[in-house]
Structures are given as C-alpha cells and as structure tokens.
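Student: Any chance you can model this:
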Amino acid sequence: MNRAETSSDRSFQLCRLIGRLRAEFVYAVEQEMGHQGVELNFTQFVALKLLGHEEPMTPVELARALHYNPGALTRLLDKLEQRGYLKRVPDPDDRRALRLELTTQGKALRKRVIGYCDAVAARTFEGTTTREREQLHDVLSRVLDGIRARRE
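Tutor: Okay, the predicted model is just below:
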C-alpha cells in the first residue's frame, strides 16, 4: 500500500471515529435523560438549548442551526409545544412570521438537561487531561473551519 492510500485511509478512519464518538455521546445523553425521567431525544434537547440563547428564533433559523429540513422541524416543534416546553408567538416586526420562545417549563427543563449533558460530557472525557482536551478542541475547530471555508 502506498503512502497516499495510507494517509487517505487514516483520514477516513479518523472521520469514522469522530462519528462513532458522537453517536456514543448522543446515546449516553439520551440514556441519562431517560434515567432522569425526561422524554426527549438528543435533537429535541439541542433545540431547547438553542432556543434558550438570547433572542427568540424563527423556525427557519432553528432549522438551519439544527441542519434539519422544515417538515421534520415542524414535527419536532409540535412535540415540544404539546409538552408545554415552547410556544410559537407572532413576530413583532413581521406579522407573517413566527418566533419560537421557551415557556417557563421549557426554561426549567433546559437548565436541567444541560446539567445532564454536562455530566455525560465530563464522563466522556474523564480519561483525558485538560491539555489534551484543549488540543483536541483546537484541532477539530481548525478542521471544521476548513470544511466550512471550502463550502463557501
């Protein structure tokens, strides 16, 4: 096997490893939420997390942030709204548009599940040093920036 094939294979294996790490992390977060009596999947959790930042978002903004298609997002929002975690409110600047806001119950749940996610993340990286986590963060950030730059 020549060097180019080895390098390509190694890069692919690294991408696969990152994907497997994400899948294991998502599974662990969903398991933790389930043990705590929270009936959310990971994407619903991320939606609550995103909606708790700063200003209310539009459904289009949330779909972009989640990399979700509009039909799937509508179903996700319906479930969160039915459970009392969010509400759709008219946009004060555009009466044709809606904004998504967390309810009081949604804000309280968001705070709880972020704690669960933080605990899972700490367990995930407990076998690494602070320096290793910083280095990994820096490397993965550069890789992500490169991917985004090539796409634009």
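
Student: Can you tell me how far the closest residue to Gly52 other than its chain neighbours is from Leu17?
Tutor: Spatial nearest neighbour of Gly52, excluding adjacent residues (CB to CB, 6 or more residues apart in numbering): Arg110 at 4.7 Å. C-beta: built from backbone N, CA, C; applies to glycine. Distance, Arg110 to Leu17, using CB to CB, to the nearest Å: 30 Å.

Student: for Asp93, same thing?
Tutor: 45 Å.

Student: Let me know the next secondary structure element after the host helix or strand of Leu50.
Tutor: Leu50 is part of helix 42-51 when elements are defined by DSSP states H and E. For helix 42-51, the following helix or strand on the C-terminal side (DSSP H and E) is helix 59-66.

Student: Run the chain-centre distance for that next one.
Tutor: 12 Å (CA atoms, centre = their mean, to the nearest Å).

Student: buried sites along it?
Tutor: Buried residues in helix 59-66, counting neighbours by 16 or more other CB atoms under 10 Å, are found at 59, 62-63, 66.

Student: Which member of those is positioned nearest Ser8?
Tutor: Leu66 (30.8 Å; CB to CB).

Student: Check the contact between the closest one and Leu50; I expect there is one.
Tutor: Yes. Between Leu66 and Leu50 there is a contact under CB atoms under 8 Å: 7.3 Å.

Student: and the residue nearest to Gly52, how far is that from Ser7?
Tutor: For Arg110, the distance to Ser7 equals 43 Å [CB to CB].

Student: Of these two, which one has the most company?
Tutor: Arg110 (20 against 10; other CB atoms under 10 Å).

Student: Need the per-residue pLDDT for the more buried one.
Tutor: Arg110 carries a pLDDT value of 96.

Student: For it, list the residues it contacts.
Tutor: By CB atoms under 8 Å, 6 or more residues apart in numbering, the contact list for Arg110 reads 48-49, 51-52, 102.

Student: Can you say which of those are buried?
Tutor: 48, 51, 102.

Student: While we're on the spatially most central residue of the chain, how confident is the model there?
Tutor: Closest to where the C-alpha atoms of the chain average out (CA atoms, centre = their mean) is Val46, at 4.2 Å. In this model, Val46 is scored at 95, pLDDT.
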